[in-house]
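Participant: what's the 3D shape of this:
(2 chains)
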Amino acid sequence: MAPAVHLRAAVALAGRFPALSGVDLTVAPGEVVVVLGPNGAGKTSLLRTCAGLLAVTSGQAVVLGCDLADDRTAVRSRVGLLGHAAPLYDELTAAENVRFAVRAAGLPAGRAEPALERLGLVGRLRRTTVGRLSAGQRRRVALASLLARAPELWLLDEPHAGLDAAARRLLADLVAEAAGGGAAVVLSSHEPDLAAPLADRVVTMSGGRVAEERRGGRRPLQAVTGGAHVA
Amino acid sequence: MWRDALLVAGKDLRIEARSRVALWQVLPFALLVLFLAAFALGPSAPVLRSAAPGLFWLAVLFSTVLATQRSFAIESGEGTRDGLRLSGIDPAGIFLGKAAALAVELAALQVVLWAGLALFFGVHVHTVWLAVVASLLATVGLAAAGVIYGALSAGLRVRETLLPLLVLPILAPVLLAGSRAWSAAVSGPASAGTPWLRILIPFAAVYVVVGVVLYGPLQEAA
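Facilitator: Residues are numbered from 1 along each chain as shown, chains lettered A, B, ... in the order given. This next block holds a predicted model:
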């Protein structure tokens, strides 16, 4: 099976500044890779490169079969990026934001409802404009958009930030389910204790490169979900 | 592309309906421009009537800059800017959708300004079809050019001050042709106004085509 992400000596620029300095990383479909590292190590740049947002100037970068050196826009609609800033419109309600994301991806709007319910965005919350939600609730709306779109590659940039304990457990379930469904997941974090148990592999970045790689602590999907059916 | 355009236009208009920036900021600004210019010209009714078409289009032009800035302010966050690029929406659809939403706002603004001219300046349009056609063509051109230059300046820190500098000179043909066509619609024979439509038609067509073709690269550059 072709890897979801295949980077070899990939160098990427953020504007005029080097963001990745020769990254080697392969992520298989259904695999969860957690990326650790200090501020400025290149974690966010790695995710943005995989999303086709940063230009790869040398090396090889193939994501979901698309060579980013040839065309980095083709892959974008197939990945889901949850960055530091949620891609949400403050004046739209939670439900409207998720529906917009779903319809923009060319999917039926009906896919928004199960995702909203799964993230606990029901009743008054789903009708509240996002600008009036807390940071954690906004994060849930962004996750609901991601879940509804069901991308082939999940790119989660410090997804635990702002989430309460229940939402973190839910995030762990969503990651496990996405991987169980065949999607690849790359998740960056400053919190190894929270992130490493979700991972098949943990890579540590430093200076725009992968400095270290080890096995993660992810259990088989059945153990994570307690044997429940996974959509 | 058309499905994407409808989606983006619907989103922008819904956001505008909730935030009411056009209603409470852009529209009062346009009326202020109209009245301040009238104060500067003095109380002479014939002078005001002859200047009214020019004042109308000047107010519309300045309002276009404000409305364009607002249109891109809602996409100015890192999250929403990236979100739109990752959404799967055709860039041409984004351009057409944003331009359509802007055009709807500008058309509504012109209706109110038109009523203001009639009410306070005593200006009555005699050749209505000429005024309407000129307004429609100018609106399409203003919206298309506004969105192109809005996208060009969107990623810059100095976008608020740069956009008027970029866009106002570009919109000068609309000011000229719109004013002359409206002058003819108000007081002259319609035949004096129709040649000015020949400026508005290519202006609108060129900016719509340029926007459809170049919005993707512009979005990337921003």
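
Participant: Point out where the chain drops to low pLDDT.
Facilitator: Looking at chain A here, since you left the chain open. Low-confidence segments of chain A (pLDDT under 70): A:217-231.

Participant: ah, no, chain B please
Facilitator: For chain B, the stretches flagged by pLDDT under 70 are B:77-78, B:156.

Participant: 90 - rerun?
Facilitator: Along chain B, segments meeting pLDDT under 90 span B:1-3, B:19-28, B:32-52, B:69-90, B:116-126, B:150-167, B:183, B:186-194, B:216-222.

Participant: Quick check: most distant residue from the centroid of it.
Facilitator: residue B:44 (29.2 Å; C-alpha atoms, centre = their mean).

Participant: OK, contacts around the closest residue to chain A within chain B?
Facilitator: Going by C-beta to the nearest C-beta, chain A is nearest to residue B:83 of chain B, at 2.5 Å. C-betas here are computed from N, CA, C, even on glycine. Residues in contact with residue B:83 (C-beta atoms under 8 Å, 6 or more residues apart in numbering or on different chains) are A:87-88, A:101.

Participant: Grab the nearest non-local neighbour of residue B:134.
Facilitator: residue B:181 (3.7 Å; C-beta to C-beta, 6 or more residues apart in numbering or on different chains).

Participant: Now do that neighbour against residue A:32, distance only.
Facilitator: Going from residue B:181 to residue A:32 by C-beta to C-beta, to the nearest Å gives 63 Å.

Participant: check which helix or strand covers the residue nearest to residue B:134.
Facilitator: For residue B:181, the element it lies in under DSSP states H and E is helix B:172-186.

Participant: Output the contacting helices and strands for the next helix or strand after that helix.
Facilitator: Remark: after helix B:172-186, the chain's next helix or strand is helix B:190-221, criterion DSSP H and E. If contacts are counted by 3 or more C-beta pairs under 8 Å, 6 or more residues apart in numbering or on different chains; DSSP states H and E, helix B:190-221 sits against helix B:78-86, helix B:91-116, helix B:128-153, helix B:172-186.

Participant: circling back: give me the subset of the contacts of residue B:83 touching chain B.
Facilitator: Filtering the contacts of residue B:83 for proximity to chain B by C-beta under 8 Å from any C-beta of the partner chain leaves A:87-88, A:101.

Participant: Just to check, residue A:61 is in contact with residue A:11?
Facilitator: No. Using C-beta atoms under 8 Å as the test, residue A:61 is too far from residue A:11 to be in contact (9.3 Å).

Participant: Show me what from chain A comes close to chain B.
Facilitator: Close to chain B, as judged by C-beta under 8 Å from any C-beta, chain A has residues A:48, A:51-53, A:73, A:76-77, A:79-81, A:83-89, A:91-92, A:96, A:100-101, A:103-106, A:129, A:142.

Participant: Drop anything exposed from these.
Facilitator: For these, a burial check counting by 16 or more other C-beta atoms under 10 Å in any protein chain shown picks out A:48, A:51-53, A:73, A:76-77, A:79-81, A:83, A:85-89, A:91-92, A:96, A:100-101, A:103-105, A:129, A:142.

Participant: Now, these that are in helices?
Facilitator: A:48, A:96, A:100-101, A:103-104, A:142 (DSSP state H).

Participant: Need the max-distance pair from the residues you listed.
Facilitator: Greatest spacing in these, by C-beta to C-beta: A:48 and A:96 (26.2 Å).

Participant: Which residue lies nearest the spatial centre of chain A?
Facilitator: Central residue of chain A (C-alpha atoms, centre = their mean): residue A:155, 2.3 Å from the mean position.

Participant: secondary structure class for that one?
Facilitator: Assigned with DSSP: H, G, I helix; E, B strand; the rest coil, residue A:155 falls in the strand class.

Participant: go on, residue A:35?
Facilitator: Recorded secondary structure, residue A:35: strand (three-state DSSP).

Participant: what are the phi and psi values for the spatially closest residue to it that is not a sequence neighbour?
Facilitator: Distances taken as C-beta to C-beta, 6+ apart put residue A:188 closest to residue A:35, at 4.3 Å, once the chain neighbours are dropped. Main-chain torsions, residue A:188, degrees, to the nearest 10: phi -100, psi 150.

Participant: And residue A:184, by the same measure?
Facilitator: Backbone torsions of residue A:184, given as degrees, to the nearest 10, read phi -90, psi 150.

Participant: dump the residue contacts of residue 161.
Facilitator: Chain wasn't specified; assuming chain A. Shown in contact with residue A:161 (C-beta under 8 Å, 6+ apart): A:84, A:135, A:139.
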